[in-house]
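Asks: need the 3D shape of this:
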Amino acid sequence: MNVSEIWHQLIQGIQETSLLEFIGTICGIASVFFSRRENILVYPVGMISTSIYIYLYVVHGLYADASVNFYYTVMSIIGWIMWSRKKNHEVVLHISYNTKSQQWLSVGFFAVCWVILYLVLHHFTDSTVPQADAFTSAAAFTGMYLMNKKKVENWWWWILTNIASIPLNFYKGLVFTSFQYLVLLILAIMGLISWMKKAKQSHA
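Replies: This is a model prediction of the structure:
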C-alpha cells in the first residue's frame, strides 16, 4: 500500500467514523490529557471511552482489546479510589519510579498477560491478529496497573501500546481510532516528561 492509498483510506475512514467512535476517541484523548496533569478526571472521562470501546472492539473482532477496555473500566474504579485517598487533607499517593524488583514484576506481568491472551485468542476466538491483539492488550494492562500506582514507568507502556495500536486499528478499519492512538502517543511522551519532572521534584 503506497502513501496515496493510505491517505485515501484515512480520509474515507474518517468520513465513515460513527458518532460512537468519535465520542469514544475524544474522551480517550481527554482522559490521557487529565492523566498527564495528574487530574482525577482521568478516571470518569476514561470510563466513558472504555465503555464505548468494549462494544466497538467486539464488533470488529479485536477481542483482547475489548477485554482491555473492560479491564480499564474496573481498574478506573480502583484507581479513582487510590488517587482520591487522603491523610490529614494531603494526597497519599505520589508520583514515583519503580524499584528494580517492581520493574521485573511489571515485565513478568506483561509477559504472562501476552501469553495467556494469545492462547485464548488463538484457540477460542476467530481473531485474525491474535499475536498483535494480545501484545497491545498486555502492554495496556501493564500501563493501567502502573498508572493506578502513579509510577512514571506507566508512560513507557502506554507509548509501546500506542505504537503497536496505530497500525493494528488501521488494518482493522478503525481509522479514526488509529489516528487517536497517534495523538495518544504524542500525549504519552509529554506525560512521561511531565511525570519525570514531578517525580524529581517529589524526591527533592
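
Asks: tell me the buried residues in the helix or strand hosting residue 112?
Replies: Assigned by DSSP states H and E, residue 112 belongs to helix 100-124. By neighbour count on 16 or more other CB atoms under 10 Å, the buried set for helix 100-124 is 106, 110, 113, 114, 117, 118, 120, 121. All C-beta atoms are positioned from the backbone trio N, CA, C, and that covers glycine.

Asks: one more: stretch 21-40?
Replies: 21, 24-25, 27-36, 38.

Asks: determine the longest helix present in the chain.
Replies: Criterion DSSP state H: the longest helix present in the chain is helix 175-203.

Asks: show me how far that helix is from its chain's centre.
Replies: In this view, helix 175-203 has its centroid 11 Å away from the chain centroid, taken as CA atoms, centre = their mean, to the nearest Å.

Asks: same for that helix, what does it pack against?
Replies: helix 3-15, helix 19-36, helix 154-171 (3 or more CB pairs under 8 Å, 6 or more residues apart in numbering; DSSP states H and E).

Asks: show me the contact partners of stretch 155-172.
Replies: Residues outside stretch 155-172 that contact it (CB atoms under 8 Å, 6 or more residues apart in numbering): 9-10, 13, 32, 60-62, 65, 106, 110, 129, 132-133, 135-136, 139-140, 142-143, 146-147, 175, 177-178, 181-182, 184-185, 188-189, 191-192, 195.

Asks: ok so, going back, the helix holding residue 112 to helix 154-171, inter-axis angle?
Replies: Computed by axes from the mean of the first three to the mean of the last three CA atoms, to 10 degrees, the angle separating helix 100-124 from helix 154-171 equals 20 degrees.

Asks: tell me the first helix or strand C-terminal of helix 100-124.
Replies: Defined by DSSP H and E, the subsequent element after helix 100-124 is helix 130-148.

Asks: no more questions from me, cheers.
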